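K.L.:
Let's see this in three dimensions:
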Amino acid sequence: MATEQKDVSPETLRITALAVADAARVLSAASGRRVTEEQVREVAERGGLLRADGTISLLAYSAYLVKEMAGGSD
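P.N.:
Model (predicted):
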């Protein structure tokens, strides 16, 4: 089953302020795996990363995942 992916122009992406849907597309493209909006939103909410305007920083998101993988230790 093929999924339709909307192309996002690199000029419109700001890794410090991505919509959840855009973050899911970027992470899917980078990982070669399907990453859903729901998965991104769940992690962002768990980490307190979701801003009032609905955006996340991909840098903060990645750092949070690395910290989580390391067992939450600093």
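K.L.:
State the distance from the residue nearest to the spatial centre of the chain to residue 13.
P.N.:
Using C-alpha atoms, centre = their mean, the residue of the chain that lies closest to the mean C-alpha position is residue 23, 3.7 Å off. Residue 23 sits 10 Å away from residue 13 when distances are taken as C-beta to C-beta, to the nearest Å. C-betas here are computed from N, CA, C, even on glycine.
K.L.:
ok, now residue 22?
P.N.:
Taken as C-beta to C-beta, the spacing of residue 22 relative to residue 13 amounts to 7 Å.
K.L.:
More neighbours: these two, which one.
P.N.:
When neighbours are counted by other C-beta atoms under 10 Å, residue 22 comes out ahead of the other of residue 22 and residue 13, with 21 against 16.
K.L.:
so how far is residue 55 from the more buried one?
P.N.:
Applying C-beta to C-beta, the value for residue 22 to residue 55 is 9 Å.
K.L.:
again with residue 30
P.N.:
With distances taken as C-beta to C-beta, residue 30 is found 18 Å from residue 55.
K.L.:
quick one, which of those two is more surrounded?
P.N.:
Between residue 30 and residue 55, counted using other C-beta under 10 Å, residue 55 has the larger neighbour count: 18 against 10.
K.L.:
Test my guess that that one contacts residue 15.
P.N.:
No. In this structure, residue 55 is not within contact of residue 15 by C-beta atoms under 8 Å, at 10.6 Å.
K.L.:
give me the low-pLDDT residue ranges for this protein?
P.N.:
When residues are selected by pLDDT under 70, those of the chain lie in 1-11, 72-74.
K.L.:
Okay, strands next: where are they in it?
P.N.:
Counting by DSSP state E, the chain has strands at residues 18-19, 55-56.
K.L.:
Can you say which of those is packed in most?
P.N.:
Taking mean count of other C-beta atoms under 10 Å as the contact definition, the stretch among those with the greatest mean neighbour count is strand 55-56, which reaches a mean of 22.
K.L.:
still on that earlier bit, the residue nearest to the centre of the chain contacts residue 60, correct?
P.N.:
No. With contact taken as C-beta under 8 Å, residue 23 and residue 60 are classed as non-touching, separated by 10.9 Å.
K.L.:
Fine by me, we can end here.
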